[in-house]
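Undergrad: here is a sequence with its predicted model. Questions after.
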Amino acid sequence: MESNLQDSQPDPPKRAGGLRFSSGAFQPPTAKMKSPPVTMATPPRAPKGRFFVVAMVLTLLGFGAFRVWDSFFHYTAFGVIDGRTVEVPAPVTGLVRYVHVQEGDQVRQGDLLLTLDQHDLELRLGRLDDQLKLVQAKLEAEMSTTQWRLAQYLIEFHEASGEYRDKWADVRERQVRWRRAQQYRERVAGMVEKKSATQDELEAALADEHALRDRLETLVEGLVSWQKRSQVAELQSQAGLDVLQPLLAEMRNLETEQARLRGEMARGEVKAPVNGTVLKRHRYTGEGAEQLQTLFTILEENSLEIVLYVPQQRIDEFDVDQGLHVALPPFQDQVACKVKRLGSENVTPPTHLQRHYAHQAKLLPVHLLPASDRLEHSHVQLGAVVQLPFDAKRWWNSGSPVTEFLPQEARSEKTTRR
């Protein structure tokens with residue numbers, strides 16, 4: 001290169017007669033002058049930062065394209081995890097004594113969740129127990145006395161009954177003898193008429209008849225008195241039992257009140273109304289709880305479902321028992337579901353989903369049932385966002401308004417496929 005540069009240098013000025021010609025004039029000769037230093041030519045450099053700016057522009061364009069794809073094309077519908085939750089209220093007012101479960105625990109119907117301290121009821125129940133013991137002691141003492149009296153009354157009753165039976169036998173015998181005396185007196189009267197018996201014999205027979213009748217009447221009066229005596233003894237025995245009735249009634253009332261108080265205390269033991277998972281515990285040990293105040297929130301077992309919100313014009317994309325796959329961030333794999341039912345009316349989507357739809361849009365809910373217990377084991381939260389990825393096949397078969405821009409042959413082919 002250096003040789004080329006030297007070749008390219010201009011020829012030195014010609015000399016004439018020892019004089020050097022320069023710029024059209026003759027100058028006296030001078031010492032030989034050195035040639036000026038030669039500088040090497042460098043190629044032009046690109047402006048600094050151009051590649052960085054281009055890279056940034058491409059990055060922003062790519063990010064914008066991804067955001068547009070992710071916002072408008074990647075997911076065609078959004079929804080939430082929904083389920084039936086049961087609010088367990090406090091049946092009575094009290095202080096939380098024990099909490100037997102924690103958040104996230106699986107419970108079965110009837111499991112003990114929480115115990116409320118009911119000090120007033122415990123005091124009342126203690127006083128009631130004392131009263132019941134006192135009444136039981138009185139009843140036992142009265143029963144002992146009554147048993148002795150009943151024994152006496154029974155003895156008198158049996159004696160009176162025995163005498164009554166004996167007197168009744170005497171009355172029957174006297175009746176027979178009195179009837180025989182009547183018959184003998186009638187025969188004697190007939191014989192007196194025939195002059196075969198005297199008047200004295202008739203008077204004697206009549207006297208015997210009257211004597212037997214008087215004796216019979218006396219025995220009947222005695223029989224009635226013994227009957228009354230046996231009846232009195234029986235009534236007294238029954239009266240002895242009636243003495244116990246007030247004490248028995250008082251004891252029954254106390255036992256009823258005791259059972260009622262125990263039932264009220266049992267209400268302080270809060271139990272699970274359904275099978276499920278404890279989502280939230282609203283009260284802790286030592287805190288007070290008012291009646292009907294929520295103590296626990298339980299997610300009912302096998303009630304989790306996915307609710308998608310779809311515009312009305314896209315409802316033809318979904319059929320009952322249709323299989324779908326939805327994305328459940330942050331999980332990478334998709335959840336297999338099938339359409340359980342379609343909503344009956346348009347509703348406003350939840351607040352955290354409204355940014356994905358038009359302002360104040362009314363959407364139709366589509367209820368999906370997970371094909372497995374994936375939602376149960378993933379411990380997903382109620383209200384978690386789910387996404388329905390774009391499916392070209394489903395979009396093509398949905399009768400989208402885009403078909404009006406297709407050629408007539410394509411539109412007819414699509415209609416035939418549907």
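TA: Looks like it came in fine.
Undergrad: by contact count, what packs against the strand or helix carrying Tyr184?
TA: In this structure, Tyr184 sits in helix 119-193 according to DSSP states H and E. Counting contacts by 3 or more Cβ pairs under 8 Å, 6 or more residues apart in numbering; DSSP states H and E, helix 119-193 packs against helix 199-242, helix 244-266. C-beta coordinates here come from the backbone N, C-alpha and C atoms, glycine included.
Undergrad: partners of the nearest residue to Thr277 once chain neighbours are set aside in the sheet?
TA: Distances taken as Cβ to Cβ, 6 or more residues apart in numbering place Leu299 nearest to Thr277, at 4.8 Å, with adjacent residues excluded. Taking DSSP bridges, one finds Thr85, Thr277 as the beta-bridge partners of Leu299.
Undergrad: check contacts around Leu299.
TA: With Cβ atoms under 8 Å, 6 or more residues apart in numbering as the criterion, the residues that contact Leu299 are Gly83, Arg84, Thr85, Val86, Gly276, Thr277, Leu279, Leu382.
Undergrad: between these, which has the least confident prediction?
TA: Scanning the contacts of Leu299 for pLDDT, the low point is Leu382. It has 85.
Undergrad: that one is in contact with Gly83, isn't it?
TA: Yes. Between Leu382 and Gly83 a contact is recorded at 5.8 Å, counting by Cβ atoms under 8 Å.
Undergrad: can you pick out the residue with more neighbours from the two?
TA: Using other Cβ atoms under 10 Å as the criterion, Leu382 and Gly83 rank with Gly83 on top: 20 against 13.
Undergrad: hang on, isn't the more buried one packed against Leu304?
TA: Yes. The pair Gly83 and Leu304 passes the contact test of Cβ under 8 Å, sitting 4.4 Å apart.
Undergrad: so which of the helices and strands packed on helix 119-193 gets nearest Lys167?
TA: Of all these, it is helix 199-242 that lies closest to Lys167, at 4.4 Å by Cβ to Cβ.
Undergrad: count the residues that sit near the nearest residue to Pro311 once chain neighbours are set aside.
TA: Closest residue to Pro311 apart from its sequence neighbours, by Cβ to Cβ, 6+ apart: Leu363 at 6.0 Å. By the measure other Cβ under 10 Å, the count of residues near Leu363 is 24.
Undergrad: repeat that for Lys340.
TA: Summarising burial for Lys340: neighbours were counted as other Cβ under 10 Å, giving 15.
Undergrad: what's it in contact with, if anything?
TA: The neighbourhood of Lys340, defined by Cβ under 8 Å, 6+ apart, consists of Glu305, Val320, His367, Leu368, Leu369.
Undergrad: ok, Leu279 next?
TA: With contacts defined as Cβ under 8 Å, 6+ apart, Leu279 is in contact with Thr85, Glu103, Thr297, Ile298, Leu299, Leu382.
Undergrad: and it, which of the three is it?
TA: Leu279 carries the three-state label strand when classified by DSSP: H, G, I helix; E, B strand; the rest coil.
Undergrad: what about it, distance to Lys167?
TA: Distance, Leu279 to Lys167, using Cβ to Cβ, to the nearest Å: 88 Å.
Undergrad: with Leu58 instead?
TA: The spacing between Leu58 and Lys167, counted by Cβ to Cβ, is 135 Å.
Undergrad: out of those two, which sits in the more crowded spot?
TA: For the pair Leu58 and Lys167, the greater number of neighbours falls to Lys167 (19 against 10), based on other Cβ under 10 Å.
Undergrad: name the SS class of Phe63, please.
TA: Put simply, Phe63 is helix when judged by three-state DSSP.
Undergrad: pull the contacting residues for it.
TA: The neighbourhood of Phe63, defined by Cβ under 8 Å, 6+ apart, contains no residues.
Undergrad: that older thread, bridged to the residue nearest to Pro311, which residues?
TA: The bridge-partner assignment for Leu363, based on DSSP bridges, gives Val347.
Undergrad: isn't it right up against Gln313?
TA: No. If you go by Cβ under 8 Å, Leu363 and Gln313 don't touch, sitting 10.7 Å apart.
Undergrad: contact partners for Leu202?
TA: Applying Cβ under 8 Å, 6+ apart to Leu202 gives the contacts Arg185, Val188, Ala189, Val192.
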